[in-house]
Every structure is written in C-alpha cells, then in structure tokens.
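**Q** Here is my input, please return the structure:
(one chain, ligands or ions: 1)
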Amino acid sequence: MPAPPCASCHASRAALRRPRSGQALCGACFCAAFEAEVLHTVLAGRLLPPGAVVAVGASGGKDSTVLAHVLRALTPRLGISLQLVAVDEGIGGYRDAALAAVRRQAARWELPLTVVAYEDLFGGWTMDAVARSTAGSGRSRSCCTFCGVLRRRALEEGARRVGATHIVTGHNADDMAETVLMNFLRGAVPTF
Ligand SMILES: Nc1ncnc2c1ncn2[C@@H]1O[C@H](COP(=O)(O)OP(=O)(O)OP(=O)(O)O)[C@@H](O)[C@H]1O
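**A** Numbers count the residues shown, from 1 in each chain. Below is the predicted model of the structure:
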C-alpha cells in the first residue's frame, strides 16, 4: 500500500507517522515540526537564555547528535553559542570509534570540541582499569554505576573549561523508562 500524502505539505508522501498525534509527515515536514517544538520548549521553559554558552554532551550516538544538530540550527534564533564536550571514558574498542564520529561532527558543523579523558582527570584511572579492578570481586556489575558518576564529573569539568553556563545532554523518555525499570529489577523501589 503506498504511503499516505504528508498531512502538512500535501505534496510529498509521508515517511513516518508521529506516535502521539498520529500525524503522517514527510521527512522535511517532520524535521521542521521537530525543530519548532524544540524551539517552543526552550523558549517557553526559559531553558537557554540569550547569551548562554551551552556545552553539549557529545557521545557520538544518535541522541546527542540530533541534539547538537537541532540546537545548532536554532542557535541564531536563541542567541546562544555551542561547545561540544566529549568524555573519553577509556573503554578500549568502544569509545575510540564514537570519539572519531564526534570529531567528524565538530569539523562538519564548525563547532569547538573539548575532550575530557578519565585517565587525565582521575589520576590515570580509565574505565577499563576500573573494570579490571572490580572483576572477580563480585562488584563487576557496578561498572555502570562508577561510569555514570565519573561521566557527570567529567562533563562538568569540560563545561567549566569552556566557560559554559549550561550543559545539555541527549537523555530522553526512553532513558527515563530504562532507569525506572532497572531500579525495579534491582529492587530499588520506594516503600510507603
Ligand atoms: N562519552 C560521553 N561524552 C559526552 N556526553 C556523553 C557521553 N556519554 C553520554 N553522554 C551524554 O549523555 C546522554 C545519554 O547518554 P547514554 O549513554 O544514555 O546514551 P544514549 O541514550 O544512547 O545517547 P546517545 O545516542 O547520544 O549516545 C547522551 O545523549 C550524551 O548527551
């Protein structure tokens, strides 16, 4: 069955159906609607005032890539400036490729990039070293816990180095749902 026409421009075929509204949109109209919603959210919530220096936590993944891309498009209307901050956790075979992606993005977008490495910040400790030291101690599952805490610290340090007034990350509803589910699985639920 052919895709329906775009509900916004009526000229192109729809590429997707928006989950909440059910609206079928083509790629160009979806991107325009998404950018307008982000702009409205930022302005209505006064999240990023004019003049803000915004550090974008850039992991090289899709969420922070979309975040940086959209904020860059909105920069003239918001009157903010952007800085990319990437954290190198020192996870061999994983973060190297992601950091290379962030470097390519920074070059394409002509945005300044600052990389903060755990190894430099935490006296030679990388996540690989943390994993080795916790392996066999029955605490190896807590690697993510260590990494989350250290990453927040590293992002703050990166933001401090570039003089940022705000930090933004690509956390979204999926991440929140994942956190809630993981807390349930660990038995970390509120007791009344
Ligand atoms: N190494 C990193 N350097 C800088 N920011 C990071 C890093 N890892 C995560 N972040 C920030 O935290 C957000 C959530 O990270 P998470 O690990 O949950 O990845 P994700 O939800 O898959 O997002 P993404 O697709 O951007 O990687 C990212 O969108 C990014 O803004």
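**Q** From now on I want contacts and neighbour counts done on CA atoms only, so please keep to that.
**A** Noted.
**Q** Can you classify the most centrally placed residue in the chain by secondary structure?
**A** For the chain, the residue nearest the mean C-alpha position is Gly170 (2.5 Å; Cα atoms, centre = their mean). What DSSP: H, G, I helix; E, B strand; the rest coil gives for Gly170 is coil.
**Q** With the one 4 residues further on instead?
**A** Reduced to three states with three-state DSSP, the structure at Asp174 is helix.
**Q** Can you give the distance from the strand or helix carrying His40 to the centre of its chain?
**A** Assigned by DSSP states H and E, His40 belongs to helix 27-44. On the basis of Cα atoms, centre = their mean, to the nearest Å, helix 27-44 is displaced by 17 Å from the centre of the chain it belongs to.
**Q** Output the contacting helices and strands for it.
**A** Applying 3 or more Cα pairs under 8 Å, 6 or more residues apart in numbering; DSSP states H and E, one finds that helix 27-44 contacts helix 62-78.
**Q** List the buried residues of the helix it packs on.
**A** Across helix 62-78, burial judged by 16 or more other Cα atoms under 10 Å covers 64-65, 67-68, 70-72, 74, 78.
**Q** And for stretch 146-162?
**A** Under 16+ other Cα under 10 Å, the buried positions of stretch 146-162 are 147, 150-151, 154-159, 162.
**Q** for stretch 21-29, same thing?
**A** Neighbour-count burial for stretch 21-29 flags 24-26, 29 (criterion: 16+ other Cα under 10 Å).
**Q** on that earlier part again, in PDB, please show the C-alpha coordinates belonging to the helix holding His40.
**A** Output of helix 27-44 as PDB, limited to C-alpha atoms (Å, rounded to 0.1, in the frame of the first residue of the first chain):
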ATOM      1  CA  GLY A  27      10.900  13.800   6.200                       C
ATOM      2  CA  ALA A  28      11.200  17.600   5.600                       C
ATOM      3  CA  CYS A  29       7.900  18.500   7.400                       C
ATOM      4  CA  PHE A  30       8.800  16.200  10.300                       C
ATOM      5  CA  CYS A  31      12.200  17.900  10.800                       C
ATOM      6  CA  ALA A  32      10.600  21.400  10.600                       C
ATOM      7  CA  ALA A  33       7.900  20.400  13.100                       C
ATOM      8  CA  PHE A  34      10.500  18.800  15.400                       C
ATOM      9  CA  GLU A  35      12.700  21.900  15.400                       C
ATOM     10  CA  ALA A  36       9.700  24.200  16.000                       C
ATOM     11  CA  GLU A  37       8.700  22.000  19.000                       C
ATOM     12  CA  VAL A  38      12.300  22.200  20.500                       C
ATOM     13  CA  LEU A  39      12.300  26.000  20.000                       C
ATOM     14  CA  HIS A  40       9.000  26.300  21.700                       C
ATOM     15  CA  THR A  41      10.100  24.100  24.600                       C
ATOM     16  CA  VAL A  42      13.300  26.000  25.100                       C
ATOM     17  CA  LEU A  43      11.600  29.400  24.900                       C
ATOM     18  CA  ALA A  44       8.500  28.600  27.000                       C
END
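**Q** I'm done for today, thanks for sticking with me.
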